[in-house]
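Asker: Give me a 3D structure for the following:
(one chain, ligands or ions: 1)
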Amino acid sequence: MKAKRQWSGRTRMMLTLELAVVLPAAALVILSAIHLRTVQRDRGVEAAFQRDFYQVLKISEKQFNERATDLLDDIRSQFPAPGAACNETLDRLLASHPYVAHVFLYDPNTGLVRSSQPSRLGNADFRAESDALSGMADGWMKVDYKEEVSRLEGMSKWGRRYDFFDNNPSRGDKHIYQSGALFLTADSSGGNKAIGWVVFDAEYLRDHFFPQMLDSVLTHQEEQGEKNQVVMMLHGKYDWTPLAASAGWDGGEPEVERTLEGAFPGLSLAIKLPGTTLAALEQRFVRTDFLILAAITVLLAGGIVLTHRNIAKEMALARLKSDFVSNVSHELRTPLSLIRLYAETLEMGRLKSQEKYHEYYSIIRKESERLTALINNILDFSRIEAGRKEYDFRETDMRELVRNTLESYRYQIEQSGFDFEEKIAENVPALRVDREAMARSLLNLVNNSLKYSQDRKYIGVNLYRANGSVNLEVVDHGIGIPPQERSKIFEKFYRVGDPLVHNTKGSGLGLSLVRHIVQAHGGEVLVESTPGQGSKFTISLPVVFGTHAAKLASA
Ligand code: ADP
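Answerer: Alright, predicted model coming up:
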């Protein structure tokens, strides 16, 4: 019944541990792993970056358009009214707006007035560009003037004041991107409408406008606290070599592109991370996360094993304690009932001989001594547990201490049929020890030898000086201790789970007390044993400690 209850308690504990700790931990790890797998499969990291990139491109395009419109508004505000325009007024306008290459004004009454940056006309490519554009403007405006006016009017109703065209004039054997804007102008009466055309300088766009805009967009991004540094470039529709790039552009495949609408038709804006690709980043991210997950799993597993061990230890201790209570009650009951039995017999006064009286008194005395020894052990133990045990070290002749302690016990040992041998060397120095505690240690060892011997009843006590220490040995030819138990027998409450031991009374406190006492003297207890052959317990006390303590005491 008892065993069953304990087992179910243990099972319950382990089940609780598994349900409360192992299961949630395992679930957490498995869910995280599944989540990571999904992220990996769906390229979640890449997608998140791409969304960000689209956003950056959209903002950039807006800024490009706004800046171009500002520049156009500036020159437009100084445009001559239709009728008042002549080549000179346009020349002056260009002089104060170097970012513009050509301006045209078409008024059906006066025809086309035009101007190109005078300083650039020495360049053949530029002159060809100027001629080509003005030829185009002349022919086109004459034919399509009305249609163009109504188109521009329609657009301005929607808030668009400029109609943009792109153009790719040649520079040597290459072409260069250029953008220009058409708009409506009117004289003060508003009746006479003319069409203005401003064409940006291609080199200005390529060398100043685009790089500056790209850099300013990225700086703005950084100021907004964007952690991932990005780089951008602009390229033509069919030409993937960058027309302009932000600082740090390192070539390679862009991650996301956007075809520009608005001020710079025919151009695409591209973005990427410098020095790496999103795919590589994603891989690194997933790998790092898997590593972290693995580390956490190991930590969790370690924690669970530790908890498991601790619980098992606590439960073993709880079991030992309950065994202890029943063992001690047993041990108390036997001497008590003996004492009562013999005392009652004596009380009746019917004993015949004086010897019998003597024998009974002696039994009562011995049993009460046993009781005292047991209770002293328990008291000592509780003092040690509470950290209140104090030792009274005094200069002691160890030979005398051992002899006196055994003297009162010798009779009992020999009565129990034991061969008792006592070897005390001559050269044993005096040590500073707590006499009572030392005597108790010795008695505990001798008592164990008495308890754990069967047919071969022998007890030997040896006291001698070894290198730097005084050794006190208790030898028996008893049941011995299996090797795996030897370290445990010094633990509190611990008793070897052998039926031979079980049948012997004991509290499991004796050896733990001996070890505590000996350690308090700076020494150690050693055990050598062969199961079935016998055991040898050795209390080894350092002579140095004794002398050191003596010095301390005399100081
Ligand atoms: P107990 O009250 O059980 O004797 P101890 O702490 O003195 O407690 O001893 C712990 C255990 O060590 C004993 O239960 C016994 O199994 C084992 N033991 C101690 N001394 C001996 C010995 N001389 N021979 C065999 N086993 C011993």
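Asker: What ranges does the stretch 351-500 of the chain have for its strands?
Answerer: 393-396, 419-424, 431-434, 458-466, 469-476 (DSSP state E, counting those that start in this stretch).
Asker: residue contacts, the residue lying closest to residue 203 once chain neighbours are set aside?
Answerer: Nearest residue to residue 203, sequence neighbours excluded (CB to CB, 6 or more residues apart in numbering): residue 176, at 7.3 Å. The way it works is simple: take the backbone N, C-alpha and C, and place the C-beta from them, glycine included. With CB atoms under 8 Å, 6 or more residues apart in numbering as the criterion, the residues that contact residue 176 are 168, 169, 170, 202, 203, 206.
Asker: And residue 192, by the same measure?
Answerer: 82, 83, 107, 109, 186.
Asker: Which residue in those has the weakest pLDDT?
Answerer: pLDDT across the contacts of residue 192 is lowest for residue 83, at 75.
Asker: ok, that residue touching residue 109?
Answerer: Yes: using CB atoms under 8 Å, residue 83 is in contact with residue 109, at 6.9 Å.
Asker: what about those two, which has more around it?
Answerer: Between residue 83 and residue 109, counted using other CB atoms under 10 Å, the more crowded position is residue 83 (13 against 8).
Asker: Please point out which parts of stretch 397-414 sit buried.
Answerer: Residues 398, 399, 401, 402, 405, 406, 409, 410, 412, 413 are the ones in stretch 397-414 that count as buried (16 or more other CB atoms under 10 Å).
Asker: Over to stretch 232-251?
Answerer: 232, 233, 234, 235, 236, 242, 243, 244, 245, 246, 249.
Asker: mind listing what the residue of the stretch 301-450 of the chain found nearest the ligand touches?
Answerer: Using CB to the nearest ligand atom, residue 448 is the residue of the stretch 301-450 of the chain that sits closest to the ligand, at 3.4 Å. By CB under 8 Å, 6+ apart, residue 448 lies in contact with 474, 510, 511, 537.
Asker: tell me, which of the residues you listed make contact with the ligand?
Answerer: Taking CB under 6 Å from any ligand atom as the test, the ligand is in contact with 510, 511 out of those.
Asker: just the strands of the stretch 351-500 of the chain: most buried one?
Answerer: Ranked by mean neighbour count, the strands of the stretch 351-500 of the chain are led by strand 431-434 with a mean of 24 (mean count of other CB atoms under 10 Å).
Asker: Most neighbours of all the contacts of residue 176, which one?
Answerer: residue 202 (22 neighbours).
Asker: and the two most separated of the buried residues of stretch 397-414?
Answerer: 398 and 412 (22.4 Å; CB to CB).
Asker: Just give the closest residue to residue 36, not the sequence neighbours.
Answerer: residue 289 (5.4 Å).
Asker: tell me the phi and psi of the residue sitting furthest away from the middle of the chain?
Answerer: Residue farthest from the centre of the chain, counting by CA atoms, centre = their mean, is residue 352 at 83.8 Å. Main-chain dihedrals, residue 352, degrees, to the nearest 10: phi -80, psi -50.
Asker: next one: residue 31
Answerer: Note on residue 31: its backbone torsions stand at phi -60, psi -40 [degrees, to the nearest 10].
Asker: follow-up on the earlier one: would you check how far apart the residue of the stretch 301-450 of the chain closest to the ligand and residue 527 are?
Answerer: With distances taken as CB to CB, to the nearest Å, residue 448 is found 11 Å from residue 527.
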